[in-house]
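In: Here is a sequence with its predicted model. Questions after.
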2 protein chains.
Amino acid sequence: MAAPAITEQGRATRMRIVRAAAELIGERGVSGTSLDDVRAATSSSKSQLYHYFGDKQGLVRAVIEYQCAAVLAAQAAALDEVQDWRDLDAWGDMMVTAVEQQAARGGCPIGTLAAALADVDEASRLALNEAFQTWRAAIGEALGRLRDNRVLAADADLDALTTMTLAAIQGGLLLAKTSRDSGQLRTALDGAIAQLRVHYARDPHRR
Amino acid sequence: MAAPAITEQGRATRMRIVRAAAELIGERGVSGTSLDDVRAATSSSKSQLYHYFGDKQGLVRAVIEYQCAAVLAAQAAALDEVQDWRDLDAWGDMMVTAVEQQAARGGCPIGTLAAALADVDEASRLALNEAFQTWRAAIGEALGRLRDNRVLAADADLDALTTMTLAAIQGGLLLAKTSRDSGQLRTALDGAIAQLRVHYARDPHRR
DNA sequence: CGAGTGGTGGACCGCAAGGTCCACCCCCAC
DNA sequence: GTGGGGGTGGACCTTGCGGTCCACCACTCG
């Protein structure tokens, strides 16, 4: 794309802009954030935005990329540790805590962007969908590990469980941010984990 | 609020505007829809928008109200029928079908608006939250009926199950619209219903 | 040390979008 | 039929915002 950033300095500036833009967009939404807001927040100039991102859509794409990477990195870090039920609970606690830290505002950046952009900008929808796919893959891997550890039953439909879990996360996050009550995320997550426990491997074979 | 509509004609006009605005906003989002777009779609004039809604935010509020009422009416109609597992499945099928009919676009109007407005406009957030509450109440009532019918166990935590179910709906809808695949909603819903079935009341009285 | 390229500053443009205003119409009551 | 109020039409104003342009800076490399 039209995204130079050859120099070390250039990359730093670009990063600074993307970070600030991501934060602003997270708080006020895409159309609630003007290029001038971004400019002011980063003490940069219009020409820099143009230089690095081409246009506003380019900036939005960069923000999407950044947010997806950030969320997925955090998720992967926690999910890669999952070996048993306790780790799964810890993963859930992490998300609930994260939500509480920001007073149940914002929710999931990916989810919020997806809700706003999926029907509006096809390229964004694709990028966001890919992020969800990657996320699903990370969850799927964790569940696969549980199965290998004989924690989950061998015949559990991991794909379906994965989708269900991700849906619970996104739905819980949305309810939490709308009600400003992290308890709703907690409940949704507990439900998803309970659903996984249904497939608890009690013995050589199924329930 | 600042919404006259004294005459029959007046109410009709107002309704026509709200309906069209709701559709446009559903397709393009709040900030993707200009007052001029609404004006054009309803062959009305600027002064009418001003007359009936005061300003754009007023129109948005009216749209929120309208969409919430529409969704909740449809939900209540289906949920009020629920007496057993079969009805619950039918309810799920209804939602999946609805999503498929619009090619997995749009998702839930309430959810989409909530994602976009919860952190931006407190009044909207409150209205949307109330809608979710009402929705939850409708689900809760249906589950209560199942329990009374001895389909659900008497000791099931209906409140938690209700929240979990609503989260599954919203999350499933979001994933479906992002991936343009209604299967994701289906899976999320199946997961939620499976979770309800865990609390199946195993006594002679079933079906 | 000069030229070239990446990087930066900020004035400026054009337009679209929200909002304002006022003249007019139509229906009804009296 | 006349006056008044709800309802309507649309020109017009203002501004916020995305986008453009060009001059200048700074580092690197020949």
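Out: Now that the structure is in, tell me what you want to look at.

In: what about the helix or strand hosting residue A:18, near chain B?
Out: Assigned by DSSP states H and E, residue A:18 falls within helix A:8-28. Yes - using CB under 8 Å from any CB of the partner chain, helix A:8-28 reaches chain B at A:27, A:28. Placement of C-beta: from N, CA and C, glycine included.

In: which SS class is the residue sitting nearest the centre point of chain A?
Out: Centroid-nearest residue in chain A, with CA atoms, centre = their mean: residue A:71, separated by 4.1 Å. Assigned state for residue A:71: helix (three-state reduction, DSSP: H, G, I helix; E, B strand; the rest coil).

In: Look at it and report its pLDDT.
Out: If you check residue A:71, the pLDDT there is 98.

In: Over to residue A:200?
Out: 88.

In: cool, and residue A:80?
Out: So, for residue A:80, pLDDT stands at 97.

In: Up against DNA strand C, what does chain A have?
Out: With CB under 7 Å from any atom of the strand as the criterion, chain A meets DNA strand C at residues A:4-7, A:9-11, A:13, A:43-48, A:50-51.

In: Swap in 10 Å and give it another go.
Out: Contact residues, chain A versus DNA strand C (CB under 10 Å from any atom of the strand): A:3-14, A:16-17, A:31, A:35-36, A:39, A:42-52.

In: Using PyMOL, define a selection of the buried residues within those residues.
Out: To isolate the buried ones among the residues of chain A next to DNA strand C in PyMOL, judged by 16 or more other CB atoms under 10 Å in any protein chain shown, type:
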select buried, chain A and resi 13+14+17+31+39+42+44+48+49+51+52
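
In: Please list which of the residues of chain A next to DNA strand C also come close to DNA strand D.
Out: A:7-9, A:31, A:35-36, A:39, A:45-51.

In: Please list the members of the residues you listed that lie in helices.
Out: Using DSSP state H, A:8, A:9, A:35, A:36, A:39, A:46, A:47, A:48, A:49, A:50, A:51 are the members of these that sit in helices.

In: Distance check, the first one against residue B:162.
Out: With distances defined as CB to CB, to the nearest Å, the gap from residue A:8 to residue B:162 amounts to 54 Å.

In: Let's verify residue A:155: helix, strand, or coil?
Out: Criterion first, three-state DSSP; result for residue A:155: coil.

In: Now do residue A:86: how many residues are near it, please.
Out: Residue A:86 has 9 neighbours, counted by other CB atoms under 10 Å in any protein chain shown.

In: how about residue A:129, what does it touch?
Out: Contact analysis of residue A:129 by CB atoms under 8 Å, 6 or more residues apart in numbering or on different chains lists A:114, B:178, B:179.

In: cutoff 6 Å now
Out: Counting by CB atoms under 6 Å, 6 or more residues apart in numbering or on different chains, residue A:129 makes contact with B:178, B:179.

In: Work out for me the element it sits within.
Out: Short version: residue A:129 belongs to helix A:122-148, going by DSSP H and E.

In: starting at the chain centroid, how far to stretch A:181-199?
Out: Offset of stretch A:181-199 from its chain centre (CA atoms, centre = their mean, to the nearest Å): 18 Å.

In: mind showing which ranges of chain A have poor pLDDT?
Out: For chain A, the stretches flagged by pLDDT under 70 are A:1-5, A:202-207.

In: Could you see whether DNA strand D lies near the helix holding residue A:129?
Out: No - using CB under 10 Å from any atom of the strand, helix A:122-148 never reaches DNA strand D; the gap is at least 14.0 Å.

In: can you pull the contacts of residue A:79?
Out: Applying CB under 6 Å, 6+ apart, the residues near residue A:79 are A:138, A:142.

In: any idea how far DNA strand D is from it?
Out: As judged by CB to the nearest atom of the strand, to the nearest Å, residue A:79 and DNA strand D stand 36 Å apart.

In: With residue A:28 instead?
Out: 10 Å.

In: residues near the residue nearest to that residue when sequence neighbours are not counted, how many?
Out: Leaving aside its chain neighbours, residue A:28 sits nearest to residue B:120 (6.3 Å; criterion: CB to CB, 6 or more residues apart in numbering or on different chains). By other CB under 10 Å, the residues close to residue B:120 number 15.

In: Then residue A:163?
Out: By other CB under 10 Å, neighbour count at residue A:163 equals 27.
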